[in-house]
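*Asks:* From the sequence below, what's the structure:
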Amino acid sequence: MWDPDAKIKKFRPSSRACLEVKFAPAPAPEMAVTAALEATDLERGLKRLDLSGFLPALKGVGVKKLDDITVLEDKDLVNLGMDLVQVRRLQRLAHEPDRREEMDALRATRKVLERTLPKTLPASPTGLLAMARSSKCSDHQSSRHWKEQAQGRPLRLVFIRHGESEANVNRAITKVVPDHLLHLTLNGRQQALDAGRRLKEIVGDESIRFVVSPYVRTRETLNGILQSFDKDTEVREDVQIREQEHGNLDSEHMGELHQIAQKFGPFYFRFPDGESPADCYDRASLFLESLYRSWEYNKAKNQVFVSHGMMILVVIMRLMRIPIHDFTDLEILTNAEFVVLEREPLNPKFEYSFTWQDGQERKKGGPRRKDTKVIPTPIWDGSPDAEALVSEPIRPEA
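*Replies:* Residues are numbered from 1 along each chain as shown. This is a model prediction of the structure:
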C-alpha cells in the first residue's frame with residue numbers, strides 16, 4: 001500500500017462562530033412578505049417550465065401562488081390555452097417536494113430574521129432571497145424546522161475520483177487481479193498529490209472530514225491528498241461507495257458485454273456476478289441515509305468523498321435528484337476530477353459549484369454532460385388519441 005508517511009487520526013474541530021448580520025432597514029409586514037414569496041414562487045415556477053406567458057391568465061382565474069394550481073382541474077387549465085403536456089408539467093411542479101421544501105425554508109428564514117432583526121425585512125421577495133443567501137447566522141438561532149433541515153450539514157461537499165490506476169492503462173489486468181486490489185500508477189500518485197494541493201486551495205484552513213472507499217486505489221489516492229493536510233485529519237472508510245462490481249474477475253467477453261449494455265440500457269444492465277448502475281444507485285441511497293444521520297453531530301465545514309467514477313455519479317444523482325433518464329447524458333469523471341457542491345448557511349439545499357479536472361481550469365456547474373445526447377425512448381403522454389408505441393427487440397427472436 002502506498003503511504004508516504006501519512007497517518008490518520010481523529011479530532012473534533014471547534015464549533016463554528018456566528019457572524020454578525022447587518023441589513024439596511026426596510027419595513028415589511030409579515031403577510032406582505034409571505035404573499036411576495038408565494039407570488040415569486042409562482043413566477044419562478046412558470047419561468048422554469050417556459051410557461052410565463054400564462055401568468056396573466058392564471059391570475060385572471062384567481063391563482064396567486066403555485067399551490068393554487070392543485071385545486072384547478074385539467075379543463076380549467078386547457079381553457080387557458082395550455083395543451084395536455086403543459087398541464088401535466090405544471091401540475092407535477094405544483095406537487096414537487098423540492099419546491100415545497102424551498103418555500104418552507106424561505107418562510108423559516110423570514111421567521112428567524114423577524115425574531116433577530118425586527119423591522120428590517122425587505123419588502124421585495126428578491127431582497128428576502130438575497131438576505132437568506134447572504135446571512136451567516138449559526139444553527140442555534142434557527143427555528144426547530146430549520147434545525148432539522150440544516151443543522152450539522154457541511155457547507156461544502158467535494159467528490160474526488162481516484163487517480164490513474166493500473167486498470168486505467170491496462171484493462172486486461174482485471175481478468176487476473178481483483179478490482180479492489182489494484183494500485184495507482186506513478187502518474188496516478190502524482191495526480192493524488194496534486195489533488196491534495198487543489199483541495200487545500202479550495203478549503204484553506206477550514207475544518208474537513210474525509211470518507212473513502214476501502215479499495216486500494218482510493219486509499220492510496222487519499223494518502224496522496226493528505227500530504228497537503230494535518231496528520232490528525234478525520235477519515236473513515238465506507239464500503240457503500242466502492243466501485244461498481246463487474247464480477248469477481250473480468251469476463252473474457254467484457255467488450256461484448258459492454259456492447260450489450262448499451263443496447264439493453266446501461267443504467268439497468270447487470271453484469272454477470274456483478275452489478276448494474278441501478279444497483280449502485282440503491283447503494284448510494286443507503287449511503288446517503290447514513291450520511292444524513294452522521295450530520296446530526298457534524299461540525300466540519302467540508303466533507304470530502306474519495307471514490308470511483310460510477311459511484312460518484314449515482315451518489316450525486318441521488319443527492320441532487322437528477323432524473324434516471326439523464327444518466328446516459330452524463331460523462332464519467334476523469335481520474336482525480338473534482339465535483340464540488342456548496343450551500344448557504346441558512347439553506348440546507350446543496351447547489352452545484354464547479355467541476356475541476358486534473359490539469360485543467362475549474363468549470364462552473366455540475367457533472368459534465370456528453371456533447372451528443374442519447375435519443376430517449378418515447379413515452380406515451382396519456383393522450384387517448386395517441387398512436388400505439390411498439391417496443392423494438394435488441395436481439396433476434398428465438
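*Asks:* roughly how far apart are L46 and Y292?
*Replies:* 32 Å (Cβ to Cβ, to the nearest Å). (C-beta placed from N, C-alpha, C; glycine too.)
*Asks:* out of the two, which sits in the busier spot?
*Replies:* A side-by-side neighbour count of L46 and Y292, using other Cβ atoms under 10 Å, places L46 first with 19 against 11.
*Asks:* Sticking with the more buried one, tell me its helix or strand.
*Replies:* helix 30-48 (DSSP states H and E).
*Asks:* pLDDT on the helix or strand just after that helix, on average?
*Replies:* Where DSSP H and E defines the elements, the next helix or strand beyond helix 30-48 is helix 55-60. Average pLDDT, helix 55-60: 91.
*Asks:* Next: stretch 183-191.
*Replies:* 98.
*Asks:* May I see the buried residues of it?
*Replies:* H183, L184, T185, N187, G188, R189, Q190, Q191 (16 or more other Cβ atoms under 10 Å).
*Asks:* same thing with stretch 156-174?
*Replies:* Neighbour-count burial for stretch 156-174, with 16+ other Cβ under 10 Å as criterion, is recorded at 156-168, 174.
*Asks:* Any chance of a markdown table for these, columns secondary structure?
*Replies:* Below are the buried residues of stretch 156-174 laid out as a markdown table (DSSP: H, G, I helix; E, B strand; the rest coil):
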| residue | secondary structure |
| --- | --- |
| R156 | strand |
| L157 | strand |
| V158 | strand |
| F159 | strand |
| I160 | strand |
| R161 | strand |
| H162 | coil |
| G163 | coil |
| E164 | coil |
| S165 | strand |
| E166 | helix |
| A167 | helix |
| N168 | helix |
| T174 | helix |
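*Asks:* Closest one of these to V390?
*Replies:* T174 (38.9 Å; Cβ to Cβ).
*Asks:* my guess is the closest one meets S251, correct?
*Replies:* No - with contacts counted by Cβ atoms under 8 Å, T174 stays clear of S251, the gap being 9.7 Å.
*Asks:* List the contacts of R362.
*Replies:* Contacts for R362 were tallied using Cβ atoms under 8 Å, 6 or more residues apart in numbering; they are F354, T355, W356.
*Asks:* any idea how far the first one is from L42?
*Replies:* Pointing back at F354 there. In terms of Cβ to Cβ, F354 sits 31 Å off from L42.
*Asks:* Same drill for the two, tell me which one is more crowded.
*Replies:* Just comparing F354 and L42: by other Cβ under 10 Å the higher neighbour count belongs to L42, 20 against 16.
*Asks:* so what's that one closest to, chain neighbours aside?
*Replies:* Nearest in space to L42, with sequence neighbours left out and distances taken as Cβ to Cβ, 6 or more residues apart in numbering, is L66 at 4.8 Å.
*Asks:* Likewise for F287?
*Replies:* Q240 (4.0 Å).
*Asks:* give the contact list for the residue nearest in space to the middle of the chain.
*Replies:* Nearest to the geometric centre of the chain sits M320, at 3.3 Å (Cα atoms, centre = their mean). Residues near M320 by Cβ under 8 Å, 6+ apart: L341, F350, Y352, G366.
*Asks:* Show me which of the residues you listed is closest to A261.
*Replies:* Nearest member of the contacts of M320 to A261, counting by Cβ to Cβ, is G366, at 24.1 Å.
*Asks:* Look up how far L257 lies from the closest residue to R270 other than its chain neighbours.
*Replies:* Using Cβ to Cβ, 6+ apart and skipping residues adjacent in sequence, the residue nearest R270 is S276, 4.0 Å away. Applying Cβ to Cβ, the value for S276 to L257 is 12 Å.
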